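> Dropping the sequence and predicted coords here.
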Amino acid sequence: MTPETLLVSTCAPMLRTLSGWLDKAGAQEGIDGDALSAARLAPDMFPLATQVRFACVQAREGMHRLKGEDFPASLTDLLNEGRNAGEQPGTLADAQARIAQTLALLDGFEPGDGDPQRPIAHALPIGMTFDFTADQYVRDWVLAQFYFHVMIAYAILRAQGVVLGKGDYVAHMLPFLRPTATQER
């Protein structure tokens, strides 16, 4: 599996799952869906709105970095929107729009050369740079960061009373479920 295939085949289903959690939150009686956007797991952590946006950033940034492309202005805008979500969290509809935009990009992603050993330098704004292979970058950076933000979003939703369980977390796996004998009839 190429690094590009791993990125898309992991991020797209989990973003759809995250979207389902937001739908469930918005539909739940007694939950103010839009107030959830500003909710935090801890005072020194980013709010739900940022967690959703940063999950989208990881998927998008990974696509561009794997192709050796400069980041488009839309990615920088999304990153800044996430950084500023403490003051301007937006709504669940805004979060859903960011997920939909990211899914559209993932669905249309045309992979680069697919070389798992090609070097990728990942510079952080704090002056640190990681030297990865494409495989290492996707496995050890993109997917780790992506899942961190998705899981913090899940934890915020649960902490705010949204009824979610393990079945909601593994919803992306239902297409792989083997039918039982009673389901086959």
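That came through, no problem. Numbers count the residues shown, from 1 in each chain.
> do you know how far the residue lying closest to Ala134 once chain neighbours are set aside is from Ala27?
Leaving aside its chain neighbours, Ala134 sits nearest to Pro3 (4.2 Å; criterion: Cβ to Cβ, 6 or more residues apart in numbering). In this view, the C-beta of every residue, glycine as well, is placed from N, C-alpha and C. Computed as Cβ to Cβ, to the nearest Å, the Pro3 to Ala27 distance reads 37 Å.
> between these two, who's got more neighbours?
Pro3 (27 against 10; other Cβ atoms under 10 Å).
> and Gln28, backbone torsions?
The phi/psi pair for Gln28 (degrees, to the nearest 10) reads phi -70, psi 130.
> Can you give me the neighbour number for the nearest residue to it once chain neighbours are set aside?
Using Cβ to Cβ, 6+ apart and skipping the chain neighbours, the partner closest in space to Gln28 is Val162 (5.9 Å). Applying other Cβ under 10 Å, we find 21 residues neighbouring Val162.
> Please report phi then psi for Val162.
Val162 adopts backbone torsions of phi -70, psi 130, taken as degrees, to the nearest 10.
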